[in-house]
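Colleague: Build me a model from this:
(one chain, ligands or ions: 2)
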Amino acid sequence: MTFVEEVDERLRNLARPPGSLGLLERQARKAILAWGRWETSFRPKHLIFAADNGVCRSGAVAQLAEITYMQSSHMVAGTSAVTCFCRCNGIPWEVIDVGIDSADSVGLDYKIARGTADFAYGPAMTRDQLEAAFAAGRERVEKAVAEGYNFLSFGEMGIGNTTTSAAVLLGLTRGDVASLTGYGSSHGNFRLALRKQELIRTALTRYAPQLHDGADILQYVGGFDLAALTAAMRACADKGIPFYIDGFITAAALAAAVQLQPDVRDYALPSHMSKEPGMSAALRYAGFDEYDVPLWADLSLGEGTGAVLAVTLLRSLFYAIWHMDTLDGINADAARRHEEQKGGMDHGN
Ligand SMILES: O=C(O)c1ccc[n+]([C@@H]2O[C@H](COP(=O)([O-])O)[C@@H](O)[C@H]2O)c1
Ligand SMILES: Cc1cc2nc[nH]c2cc1C
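Modeller: Residues are numbered from 1 along each chain as shown. Ligands and ions are numbered 1, 2, ... in the order given. Prediction:
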């Protein structure tokens, strides 16, 4: 029996009507196949990559870029939304500073620079900086695996990163700028959305001759957080570790990762459907559609909030897989009981 056949037989034999555990069971099956062996415990960790984006200086955001530093500090303290979710559910997390605009580092110090350059005036980063971001993402995944975690979820913090994410996605898909660029954390601010579109359109036209693959696109219009996430997802594929992406930013990073290394899609699980308009296109580029997404909860916070909520659901599902009675058992018991009761009734008549 192959491992896939063994897994399918075990899942078939859970005491429930076939198919009735739905998408979460399909996600659990995918995670088991990603492991390539029958794990008996679920050991998740949440990784948050934080960085600032130079394009904020050209009007890509409505709020202060300093929020990246403040909120990343709250994440370290455990008082951001996602880290409260982690604490509430006993899920360990780490904050990885790959480029917050501060003299001191926040969380783990992988700071490459104090934010990227503004892509309205030149490439967001140098090739060396891109490689440093890739190395940071890979190293944190390898560390987590060495520590014994077998499931990762990804989040990010970076004011301006819905602009870099839309730019990366548009560089990959060559789709329609207006329909894939959203409000980010400034809901309803259509002036801002138009400015973001203009910045992206201009940059992609200007850098077009240099953009040959996902790495070039990350270098010219991406961010340190996106680049680190991309490499982290590739490391998951190399290490056999399934992972949840979160919203639009992590979905754009997944799209870049799949462009660079197609087998990454075999380890990736969508968690929630972000309100950002590019979410569906990013998922589709990575090989998923809306029906593969378990949570439709009107979220657009980032940080990995949807991913951690999905981890709590998948953990319940795994507990069931490892502790439920069998379908064959319940069918045999039910048949026996049916015969006994029929016999009893015949006797009575
Ligand atoms: O994950 C998403 O889909 C998402 C959608 C909108 C906003 N965000 C978060 O908000 C920040 C980016 O928004 P903005 O408007 O500064 O580009 C960044 O810190 C993200 O974590 C995240
Ligand atoms: C307060 C705040 C928290 C965030 N968390 C992720 N992105 C964010 C953006 C803002 C503005």
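Colleague: From here on, just use CA atoms for contacts and neighbour counts.
Modeller: Will do.
Colleague: so what's the residue of the stretch 51-200 of the chain found nearest ligand 2 up against?
Modeller: Here the stretch 51-200 of the chain gets closest to ligand 2 at one residue, M157, 5.3 Å apart by C-alpha to the nearest ligand atom. Counting by C-alpha atoms under 8 Å, 6 or more residues apart in numbering, M157 touches 48-51, 68, 71-72, 225, 302-303.
Colleague: secondary structure element for D118?
Modeller: Counting by DSSP states H and E, no helix or strand carries D118.
Colleague: Confirm for me that it is in contact with A124.
Modeller: Yes - counting by C-alpha atoms under 8 Å, D118 does reach A124; the two are 5.8 Å apart.
Colleague: Ligand 2 contacts on the stretch 201-349 of the chain?
Modeller: Counting by C-alpha under 6 Å from any ligand atom, the positions of the stretch 201-349 of the chain adjacent to ligand 2 are 301-303.
Colleague: JSON lines please, covering those and showing neighbour count, distance to ligand 1 and secondary structure.
Modeller: Putting those into JSON lines (neighbours: other C-alpha atoms under 10 Å; distance: C-alpha to the nearest ligand atom, whole Å; DSSP: H, G, I helix; E, B strand; the rest coil) gives the following:
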{"residue": "L301", "neighbour count": "19", "distance to ligand 1": "5", "secondary structure": "coil"}
{"residue": "G302", "neighbour count": "25", "distance to ligand 1": "3", "secondary structure": "coil"}
{"residue": "E303", "neighbour count": "29", "distance to ligand 1": "5", "secondary structure": "coil"}
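Colleague: Would you mind giving these as a markdown table with distance to V4 and pLDDT added?
Modeller: Below are these laid out as a markdown table (distance: C-alpha to C-alpha, whole Å; pLDDT from 0 to 100):
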| residue | distance to V4 | pLDDT |
| --- | --- | --- |
| L301 | 36 | 97 |
| G302 | 34 | 98 |
| E303 | 34 | 98 |
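Colleague: Pick the one among the residues you listed closest to A235.
Modeller: A235 lies nearest to E303 out of these, by C-alpha to C-alpha, at 20.1 Å.
Colleague: Identify the residues contacting that closest one.
Modeller: Shown in contact with E303 (C-alpha under 8 Å, 6+ apart): 48, 81-82, 154-157, 246.
Colleague: switch the cut-off to 10 Å
Modeller: 46-50, 71-72, 75, 80-83, 154-158, 246-247, 249-250 (C-alpha atoms under 10 Å, 6 or more residues apart in numbering).
Colleague: and it, how far is that from I249?
Modeller: Distance of E303 to I249, given as C-alpha to C-alpha, to the nearest Å: 10 Å.
Colleague: same question, S185
Modeller: Applying C-alpha to C-alpha, the value for S185 to I249 is 12 Å.
Colleague: what is in contact with the two at once?
Modeller: Listed contacts common to S185 and I249 are 161-162, 276, 302; contacts here mean C-alpha under 10 Å, 6+ apart.
Colleague: now the residues you listed: which count as buried?
Modeller: Among those, those that count as buried by neighbour count (16 or more other C-alpha atoms under 10 Å) are 161-162, 276, 302.
Colleague: In this structure, which residue is most central in space?
Modeller: Nearest to the mean C-alpha position of the chain, by C-alpha atoms, centre = their mean, lies I245 at 1.1 Å.
Colleague: Can you verify my assumption that that one contacts V264?
Modeller: No - I245 lies out of contact with V264 (C-alpha atoms under 10 Å); the separation is 11.8 Å.
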